[in-house]
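K.L.:
Dropping a prediction and its sequence here:
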Amino acid sequence: MSAQPVPPLTAPSTVDALVVGAGFAGLYLVHRLRGQGLKVRAIEAGSDVGGTWYWNRYPGARCDVESMEYSYSFSPELEQEWQWTERYAAQPEIQRYLRHVSERFDLRREITFDTKVTQAIYDAGANRWRVQTDRGEQIEATWLVMATGCLSVPKLPEIEGCERFAGASYHSGHWPHEPVDFSGKTVGVIGTGSTSIQLIPKVAEQAARVLVFQRTPNFSLPSRNAPMDPQEQQRIKQNYREMRTQQRRSPTGVSSYPIPTRSALEVSPEEREQMLEAGWARGGTGLGRTFNDVVRDPAANEVVADFVRRKIHAKVTNPEVAEALTPRDHYIATKRICVDTDYYETYNRPNVTLVDLRRDPLVSIEPQGVRTRDQLHPVDVLVYATGFDAMTGAMLAVDIRNGAGRSLRDTWADGPKTYLGLAVAGFPNLFMVTGPGSPSVLSNMVVSIEQHVDWISDCIGWMRTHGKQRIEARTDAQEHWVTHVNEVADATLFAKANSWYTGANVPGKPRVFMPYLGGVAAYGEKCAAVAQGGYTGFVLDAAAG
Ligand code: FAD
Ligand code: N01
C-alpha cells in the first residue's frame, strides 16, 4: 500500500470517531458510538459488511466456535430473532447475519464501502486524526478506532514464478464472489492450515484431481457439524443471558468448553483415553482442553497429541500418506488447532494426492503447474491457502503517524507493543480492537470484540462526561503489560511453535508471541479495573507526540 497521501478532492469531512473496518468489530463500534451521540463514520475496503466473512468465501468456509456462541450478545432481541441453521455456521450464513445486523440497526448509512484508509496522522495542536483514503478523501476525527481485523491481510507465499502461472489462481482470503467451478479440473492447493482443511474436502468432491502441497502437517479435530436442533436452539435462547455470562467468565470465551481441572498425568491411561474419546466424539476444539496442562507440560501434551496421531492413522488407509499427514514437529494446540469435516478421509479418495514438500521441496510455480525438486506437477487451477500477515498486518498497512511524526511501523519495528492490546504509547486517541497483547485470536473472537468495543465506547463516553479530550497509554504501563504478556506466554509451550501467533509465517517479521494467553475472564477483569480506576496506566489530556 502506498504511503503517499493522495491529494484530497474535497474539503475534509469531520467526525467525532472514525472506525476502520466493517466486520464484527466495526459494525458494533458504529452502533455503540453512534448510540452515545457521537458523529461516526466507518470506512471499509470491501463492498459490503462482514470482514472475514465477506472476504473468505472459499468452499467449506465456516466458523469453528458454535454458531449460538459465535454471535453478538449486545441485543437480546437480535439473539431471539436470528435462527442459526447449523451447529457451525457456514460463511454465507454468517455474512447474512452481519448484513441483517447492519440493516436492523441501520448501520450502513455510516459506512463508506470500497474505500481503504491509507494514512492517519495525529495533529497534536488540533487534537485530531487526519485520515486519508485511497479515494482521495480526507477525514478528521477526534477518535480513531482500528477495527481492521487480525486475519484480514492475505499472505501470498514467497514462491518464485507465481505470476507466471497460466491458469486461474485464488487466495482463500480474497475469494471471488461468483462460485469457482472446479469440475473436470486438476487443482493444486498450497498450504494445509485451517483454511485448506475446510476447503480440500469440498474441492475434492467436484474437481477431477486435487494435489495438496503440504509443507507442515497440522492437527485437525472433527467438527461433528450438523443441522441445528431446533429444541437445542430454543433451550439456549431461553438461557442466553446465563450463557453470555459464562462466556465472559471462561478462559476462551466459549461457554460450552469445560474448564479442565485435572492434569493429563494424574489420570490412569484408561480414564485418559475415555476422556479423550468423549472430546473426540463431542467434536470441535474442546478436546484440546481436556486436561489443564496440555499447553504447559510436554508430557501432558504428548498424551493428547498421541491420541490424535492414532486417530489420523486410523482414518487414512495408506499408512505412508497417514504418516505424512501426522504432525510431529510441534506441540498440539500451540498452533491454531484445525477443525474439519472429513479432512483425513478425503485422502482415501482416488482423486486426491498429497505432495509432501518435506520430502520433495517446492521450487517454483511454472505456467503449467507446480515444480518440486523431483518433478513438475501440472495443474489447471491453483489455490493459495497460505494464511495471513496476522494481527499487525492491517494496522501496519496504514501509514499511522503520531504528533511527532513517528510512524507506528517504526515504533513496532521490533514487534508490536501495546497497553492491553487496546492502545499504543505515543499515539493518543487511537484504539485497536483485538490488538496484539489481548486474547483476540486465542478466544471466541466475537466475545473479545464485544468486550473491546464496550471498553473503548465506555472510555470515550467517560472522557466526554469528564471533559477530557486526549487519552494516551503511559510508556511504563505499556512496558509492564508487555512484560506480563511475555511472562504468561513463556510459561507455556506456545512460543516454541513456528506459528503465525509469533509472526513466524512472514519472513522478516519480528518473532514476538502476539496474543495474550491470560484468558478472557482474567483479561476482562484487568481491563475493567483500569476503567474503574479512572483509566490507570493512561495519561488523560496529555500533550501528544
Ligand atoms: P475482520 O472481520 O477481519 O474485519 C476487518 C475489516 O477491516 C475487513 O473487512 C477489511 O477489509 C477492513 N480493513 C482492513 N484494513 C482496512 C483499511 N486500511 N481501510 C479500510 N478497511 C480496512 N474467529 C473465531 O472466534 N471463531 C471462528 O470460528 C473463526 N473462524 C474464522 C474463519 C476464517 C476463515 C478466518 C479467516 C477467521 C476466522 N476467525 C474466527 C477470526 C475472525 O477473523 C474473527 O472471528 C472476526 O470475524 C474478526 O472480526 P473483525 O471485525 O475484528 O475483523
Ligand atoms: O493459514 P495458516 P489459514 N510453501 O497460516 C502454508 C483462521 N481460520 O488461512 O505451516 C508451502 O494457518 C503453511 O505451511 P507451514 C484460524 O485462526 C479459521 O489456513 O508454514 N506452503 C500452512 O500450511 C487460522 O489459524 C478457520 O509450513 C506454504 C498454510 O500455508 C487462520 O485463520 C478456518 C508456503 C497457511 O496456514 C489462518 O488459517 C480458516 C509456501 N511458501 C481460517 N507458505 C476455522 O475453521 C505458506 N504455506 C475457524
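P.N.:
Good, I have the coordinates. Numbering: from 1, shown residues only. Ligands and ions are numbered 1, 2, ... in the order given.

K.L.:
residues in the stretch 1-150 of the chain within reach of ligand 1, list them.
P.N.:
Within reach of ligand 1 by C-beta under 6 Å from any ligand atom, the stretch 1-150 of the chain has these residues: 20-26, 43-46, 51-52, 54, 56, 61, 63-65, 70, 116-117, 147-150. Where you see a C-beta, it was placed from the backbone N, CA and C, and this is true even at glycine.

K.L.:
These in strands, which ones?
P.N.:
20, 43, 117 (DSSP state E).

K.L.:
on that earlier part again, quick check: helices, which of the residues of the stretch 1-150 of the chain next to ligand 1 are part of them?
P.N.:
24, 25, 26, 52, 54 (DSSP state H).

K.L.:
Max pairwise distance over those: which two?
P.N.:
The largest separation in those, counting by C-beta to C-beta, is between 25 and 54 at 13.1 Å.

K.L.:
Those two: which is more packed in?
P.N.:
A direct count of neighbours by other C-beta atoms under 10 Å for residue 25 and residue 54 places residue 25 higher, at 29 against 24.

K.L.:
Could you find the closest non-adjacent residue to residue 336?
P.N.:
residue 194 (5.9 Å; C-beta to C-beta, 6 or more residues apart in numbering).

K.L.:
For that neighbour, give me the pLDDT.
P.N.:
Confidence at residue 194, expressed as pLDDT, is 98.

K.L.:
How about the contacts made by it?
P.N.:
For residue 194, the contact set (C-beta atoms under 8 Å, 6 or more residues apart in numbering) comprises 64, 218, 336, 338, 339.

K.L.:
The nearest residue to the first one once chain neighbours are set aside in helix, strand or coil?
P.N.:
Read it as residue 64. Using C-beta to C-beta, 6+ apart and skipping residues adjacent in sequence, the residue nearest residue 64 is residue 339, 3.9 Å away. Using DSSP: H, G, I helix; E, B strand; the rest coil, the structure places residue 339 in strand.

K.L.:
how close does residue 339 get to residue 224?
P.N.:
Per C-beta to C-beta, to the nearest Å, residue 339 is found 9 Å from residue 224.

K.L.:
Pull up the overlap in contacts between these two.
P.N.:
283, 284.

K.L.:
the more surrounded of those two?
P.N.:
More crowded of residue 339 and residue 224, by other C-beta under 10 Å: residue 339, with 24 against 14.

K.L.:
what's near enough to touch that one?
P.N.:
Contacts of residue 339 by C-beta under 8 Å, 6+ apart are 64, 88, 194, 197, 220, 221, 222, 223, 283, 284, 285.

K.L.:
what do you get for residue 509?
P.N.:
Contacts of residue 509 (C-beta under 8 Å, 6+ apart): 389, 392, 503.

K.L.:
the strands in the stretch 51-200 of the chain, which residues?
P.N.:
111-112, 117-123, 128-133, 138-146, 168-171, 186-190 (DSSP state E, counting those that start in this stretch).

K.L.:
Can you name the residue of the stretch 401-545 of the chain nearest ligand 1?
P.N.:
Across the stretch 401-545 of the chain, no residue is closer to ligand 1 than residue 445, which sits at 3.3 Å (C-beta to the nearest ligand atom).

K.L.:
any idea how far residue 432 is from residue 98?
P.N.:
20 Å.

K.L.:
Sorry, slip of the keys, the one I care about is residue 244.
P.N.:
Relative to residue 432, and taking C-beta to C-beta, residue 244 is found at 23 Å.

K.L.:
More neighbours: those two, which one.
P.N.:
Between residue 244 and residue 432, counting by other C-beta under 10 Å, residue 432 is the more crowded of the two (31 against 19).

K.L.:
give me the element residue 377 is part of.
P.N.:
According to DSSP states H and E, residue 377 maps onto strand 376-378.
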